[in-house]
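Engineer: Coordinates for the following, if possible.
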Amino acid sequence: MTTGAGTAATSEAVPAETKRQFLLPAAAAAVLALLFLLLAFDAPKYRDVDATLSPSVQMITTAQERFLPEARIDINTADLSQLQQLKGIGEKKAQAILDYRAKNGRFRSLDELTLISGISASIVESNRELLTLS
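Structural biologist: You can find the predicted model right below:
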C-alpha cells in the first residue's frame, strides 16, 4: 500500500506549471502531426495516377487540362472551332469574332469582345481565365 501512496504523493508533488509546460508542446505536436497527415493524404495532385482511368475520371482530367494556361485560347489566332469551346459562344458568335477580327485587326484587350453584337460582359468574364491575347 505504500506504493500506491507513494505514487499519489509523487503526482501531487509535480507543480501544475510543469504539467502545463509538458502538455502544451505535446498537444501542439499532435495537432501539427494531424495537419500533416491530412494534407499529405488529401493532395490529389501529388498522388500517382493509375494508367487505367475510368471514363468519368478521364473526362474530368480532360476538363481540368482545358483550364491549364497552356490550353488557353488566343482570340487573335483562334479558329471557328476553338472559339466555340468557350462558354456562351456558339457558331454565330464565333463567326462574329472572326469577322470583327478580320475587319478591325487584332484584339488589344479581352474587354473589346463586348463590342461584338451578342457578346456581353458576363460572357467575357465567364471565359476570362480561358482566354489570352497574342
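Engineer: Read off the pLDDT value for P25.
Structural biologist: With respect to pLDDT, P25 scores 73.
Engineer: Oh, that last question was meant for S54, not what I typed.
Structural biologist: We have a pLDDT of 56 for S54.
Engineer: Number of residues surrounding T132?
Structural biologist: 15 (other Cβ atoms under 10 Å). (Glycine included, C-beta is placed from N, CA and C.)
Engineer: What of V124?
Structural biologist: 19.
Engineer: That one and A28: what is the separation?
Structural biologist: 48 Å (Cβ to Cβ, to the nearest Å).
Engineer: in this protein, which spans are strands?
Structural biologist: Counting by DSSP state E, the chain has strands at residues 73-74, 131-132.
Engineer: Got the domain ranges for this structure?
Structural biologist: Domain assignment for the chain, taken from automatic domain parsing, gives 2-46, 72-132.
Engineer: Go through those domains and find the least confident stretch.
Structural biologist: domain 2-46 (a mean of 63).
Engineer: quick one on the thing from earlier: output the strands of the chain as TSV; include the columns distance to L115.
Structural biologist: Listed next are these as TSV, based on distance: least, Cβ to Cβ, whole Å:
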stretch	distance to L115
strand 73-74	18
strand 131-132	15
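Engineer: Ok, which of the ones you listed comes nearest L86?
Structural biologist: Nearest of the strands of the chain to L86, taken as Cβ to Cβ: strand 73-74 at 6.7 Å.
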